[in-house]
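S.K.: Can you look at this prediction? I've put the sequence above it.
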Amino acid sequence: MVESLKKILPQKVSTAPTDLEAHGKDESYPIHHPPMAVVYAENLSDIQTALAWTRKHHIPVIPFGAGTSLEGHVVPQGPAISLDVSGLNRVVQIHPEDFMAVVEPGLTRKSLNEALKGTGLFFPVDPGADASLGGMAATNASGTTTVRYGGMRQSVLALQVVLANGEVLELGRGVRKTSAGYNLKDLFIGSEGTLGLITRLTLKLHPLPEHIHTLRVFFDNLTQTAQAAYAVMASGLPVARLELVDGVGIQAINHYLGRSYPEKPALFVEFHSSTHQALEAESSLAIELIQAAGAIRIDPARTQEERTAQWEARHQAYWALVNLFPGKEYLSTDTAVPVSKMPDLVQYSSYLLREMGLKGNILGHVGDGNFHTLVVCEPGDPRAEVFSERLVEHTLALGGTCTGEHGVGLRKKKYLAKEHGPALDWMRQIKRLFDPENLLNPGKIFD
């Protein structure tokens with residue numbers, strides 16, 4: 001059967017074991033399953049040809065960008081082909097006068113910002129990994145700068161998508177606001193490849209900040225750290241980044257990157273401003289609030305090199321923990337709550353680790369109420385999943401969500417009925433409307 005696919009897409013279909021293995025897993029989901037074949041699409045026509053083949057043979061197709069997802073989004077649940085769009089990686093147009101860029105889905109966020117050098121603009125969504133922009137839209141990714149600039153849903157102005165039947169839709173417009181019809185564009189953001197394949201994105205850009213102030217702030221305990229983060233957010237200060245890393249995370253970073261940070265819970269804080277005076281006033285007030293919350297040490301990052309090193313440490317925190325506990329399995333939670341409930345959830349997560357006798361660390365984008373607990377366990381240890389279930393139960397009781405940015409994929413499906421109630425049935429109806437044969441990434445979001 002795959003031979004017929006190779007004939008209609010010559011030199012673009014691989015069944016090499018290394019390619020199949022790479023496309024049957026993501027960054028952290030423990031179960032791997034290789035696809036039947038990998039299609040390396042280079043243009044819209046390739047995607048439509050592959051989709052026509054999947055319809056003819058009733059074989060599911062799974063979009064694949066950089067493979068940096070965390071919840072099993074790209075893992076096949078049976079015979080399937082992987083449709084790799086990493087070759088669609090062009091910057092189609094840059095419109096600096098309109099603060100917009102048009103890109104293909106396989107372009108990564110770092111490559112876009114390289115292309116923007118000299119324009120005075122940047123694309124701020126920063127999930128840590130150098131993810132593909134199509135994949136970031138498909139999971140509604142966010143990251144360290146979301147508290148100031150928003151995530152992918154706030155950053156995508158328009159999409160081109162291909163449906164399971166091969167039809168091409170243009171969704172949204174290259175404008176900052178529109179009230180013309182149903183907002184189908186946002187329906188596809190966060191749909192995880194289950195409704196259609198993203199083939200082009202129009203993205204919102206922002207001016208590079210002229211003045212940046214970055215701090216590392218250390219506390220005696222996690223409770224003070226979380227409460228300090230809330231105090232900064234409650235003040236209304238226009239913070240650009242507000243990240244929490246607990247003592248275990250700092251220890252792992254020191255070990256992995258050769259740093260010498262105090263091994264105490266910390267906040268990594270950054271302000272962006274257009275004037276030096278505004279920056280000084282904002283950061284001074286933040287320091288007052290942080291000191292009042294019990295900070296024991298405040299280290300400013302005074303140069304670009306120091307700022308880069310600080311955010312590298314934050315982005316490498318996951319791999320630092322993996323390095324600290326080699327040979328284990330790792331589960332990353334992704335809960336989010338209203339900002340006022342964030343200290344409660346951080347404390348509960350820490351308590352739950354101790355109560356269940358688990359190792360792990362707590363870190364995340366506490367400025368927008370989202371954080372992760374990285375749980376370390378022996379392969380097959382059921383306690384990690386029990387931890388996640390109990391944490392989600394508490395999160396939902398606080399009015400939160402089971403996933404702030406990673407997406408549903410395979411792991412979070414079981415929580416959606418409780419989070420969404422009857423709305424989940426309407427989601428299923430939308431899936432059937434766009435993909436009646438269930439060929440687009442089946443088994444993700446719901447069964």
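M.R.: Thanks, I have it.
S.K.: Glu389 belongs to a strand, doesn't it?
M.R.: No. Counting by DSSP: H, G, I helix; E, B strand; the rest coil, Glu389 falls outside a strand, being helix.
S.K.: give me the number of residues near it?
M.R.: A count of neighbours around Glu389, defined by other CB atoms under 10 Å, yields 13. Any C-beta I mention is one placed from the backbone N, CA and C, and that applies to glycine too.
S.K.: One more: Pro300?
M.R.: 16.
S.K.: what do you get for the one 10 residues further on?
M.R.: Gln310 has 23 neighbouring residues, counting by other CB under 10 Å.
S.K.: just so I have it, where are all the strands in the stretch 101-250 of the chain?
M.R.: 121-122, 156-162, 168-172, 197-204, 206-207, 211-218, 239-245 (DSSP state E, counting those that start in this stretch).
S.K.: can I get those strands in JSON lines with mean pLDDT and mean neighbour count?
M.R.: Formatted as JSON lines, the strands of the stretch 101-250 of the chain follow (pLDDT from 0 to 100; neighbours: other CB atoms under 10 Å):
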{"stretch": "strand 121-122", "mean pLDDT": "98", "mean neighbour count": "19"}
{"stretch": "strand 156-162", "mean pLDDT": "98", "mean neighbour count": "22"}
{"stretch": "strand 168-172", "mean pLDDT": "98", "mean neighbour count": "17"}
{"stretch": "strand 197-204", "mean pLDDT": "98", "mean neighbour count": "24"}
{"stretch": "strand 206-207", "mean pLDDT": "96", "mean neighbour count": "15"}
{"stretch": "strand 211-218", "mean pLDDT": "95", "mean neighbour count": "21"}
{"stretch": "strand 239-245", "mean pLDDT": "96", "mean neighbour count": "25"}
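S.K.: Between those strands, which one is closest to Pro382.
M.R.: Checking these against Pro382 by CB to CB gives strand 239-245 as the closest, at 27.5 Å.
S.K.: Name the strands paired with the closest one and say parallel or antiparallel.
M.R.: strand 266-273 (antiparallel), strand 359-364 (antiparallel) (DSSP bridges).
S.K.: can you tell which of those is closest to Gly190?
M.R.: Once the strands paired with strand 239-245 are compared by CB to CB, strand 359-364 is nearest, at 18.7 Å.
S.K.: Could you give the average pLDDT over the helix or strand that that closest one is followed by?
M.R.: Toward the C-terminal end, the helix or strand that comes next after strand 359-364 (DSSP states H and E) is strand 370-377. Averaged over strand 370-377, pLDDT sits at 94.
S.K.: Parallel or antiparallel, which strands does strand 370-377 pair with?
M.R.: Partners of strand 370-377 in the sheet, by DSSP bridges, are strand 329-332 (antiparallel), strand 335-336 (antiparallel), strand 359-364 (antiparallel).
S.K.: Ala66 is nearest to which of those?
M.R.: Taking the strands paired with strand 370-377 one by one with CB to CB, strand 329-332 is closest: 17.2 Å.
S.K.: Now do the buried residues in the closest one.
M.R.: Across strand 329-332, burial judged by 16 or more other CB atoms under 10 Å covers Glu329, Tyr330, Leu331, Ser332.
S.K.: so what's the last one up against?
M.R.: This points to Ser332. Ser28, Leu70, Tyr318, His372, Thr373, Leu374, Val375, His406 (CB atoms under 8 Å, 6 or more residues apart in numbering).
S.K.: Could you check how far it is from Arg148?
M.R.: 23 Å (CB to CB, to the nearest Å).
S.K.: again with Thr303
M.R.: Taking CB to CB, one finds Thr303 at 21 Å from Arg148.
S.K.: Which one's more surrounded, the two?
M.R.: Arg148 (19 against 10).
S.K.: confidence score at Ala234?
M.R.: Ala234 is assigned 94 on the pLDDT scale.
S.K.: wait, Pro238
M.R.: Looking at Pro238, its pLDDT is 89.
S.K.: contacting residues around it?
M.R.: Per CB under 8 Å, 6+ apart, neighbours of Pro238: Arg148, Phe271, His272, Ser273, Glu282.
S.K.: Can you add pLDDT and distance to Tyr348 and give those back as CSV?
M.R.: Below are those laid out as CSV (pLDDT from 0 to 100; distance: CB to CB, whole Å):
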residue, pLDDT, distance to Tyr348
Arg148, 95, 27
Phe271, 94, 29
His272, 93, 32
Ser273, 90, 35
Glu282, 90, 31
